[in-house]
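K.L.:
The sequence isn't on hand, but the structure is:
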């Protein structure tokens with residue numbers, strides 16, 4: 001198996017009168033606070049393929065980043081290799097959550113840089129539902145293929 005870092009995530013979707021919507025997450029922390037377009041992501045995170053299967057990791061990461069649990073069934077959206085070399089596994093599941101009530105785990109970092117002060121930030125500061133056209137603007141460019149695969153999988 002590859003030695004490249006691997007992550008796994010779930011692209012939750014729902015059907016509305018205006019079409020498919022997907023749940024995306026905005027990264028937390030001070031570096032991303034004022035940025036919007038092209039930085040949202042599917043809820044995902046790193047895993048060790050020797051200790052965890054991709055779908056198991058995707059479920060764990062989804063819950064860690066949103067506080068929500070996805071029951072499935074799951075559609076495998078395949079993998080992609082990001083420019084960084086990281087391999088991303090994605091799965092889709094139909095679900096419906098109150099996105100503003102999502103709750104993420106936290107991480108600590110020195111902030112402001114060089115201050116010697118540690119601060120805690122949510123890994124994800126918010127989640128929102130987006131129709132596919134808007135999701136294409138919000139999502140990291142390297143993950144756009146997952147929107148295409150979702151549209152193909154669910155019609």
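P.N.:
Done, it's in. Just so it is clear, the structure is predicted and the values come from calculations on it, not from any experiment.
K.L.:
ranges for the helices of the chain?
P.N.:
Assigned by DSSP state H, the helices in the chain fall at 54-66, 132-138, 144-154.
K.L.:
what's next to the shortest one, contact-wise?
P.N.:
Which is helix 132-138. Applying CB atoms under 8 Å, 6 or more residues apart in numbering, the contact partners of helix 132-138 are 19-22, 24, 36-40, 130, 144, 147, 151. For every residue, glycine as well, the C-beta is placed using N, CA and C.
K.L.:
Turn the helices of the chain into JSON lines, columns for mean pLDDT.
P.N.:
Below are these laid out as JSON lines (pLDDT from 0 to 100):
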{"stretch": "helix 54-66", "mean pLDDT": "97"}
{"stretch": "helix 132-138", "mean pLDDT": "98"}
{"stretch": "helix 144-154", "mean pLDDT": "96"}
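K.L.:
Out of the ones you listed, which gets nearest to residue 78?
P.N.:
helix 144-154 (6.2 Å; CB to CB).
K.L.:
The closest one: which residues count as buried?
P.N.:
146-147, 149-150 (16 or more other CB atoms under 10 Å).
K.L.:
Out of the residues you listed, which is nearest to residue 14?
P.N.:
Top of the list for closeness to residue 14, among the buried residues of helix 144-154 and by CB to CB, is residue 150 at 11.6 Å.
K.L.:
Distance check, the residue nearest to that closest one when sequence neighbours are not counted against residue 49.
P.N.:
Spatially, and ignoring its direct neighbours in sequence, residue 150 is nearest to residue 92 (5.1 Å; CB to CB, 6 or more residues apart in numbering). Between residue 92 and residue 49 the distance is 20 Å, computed by CB to CB, to the nearest Å.
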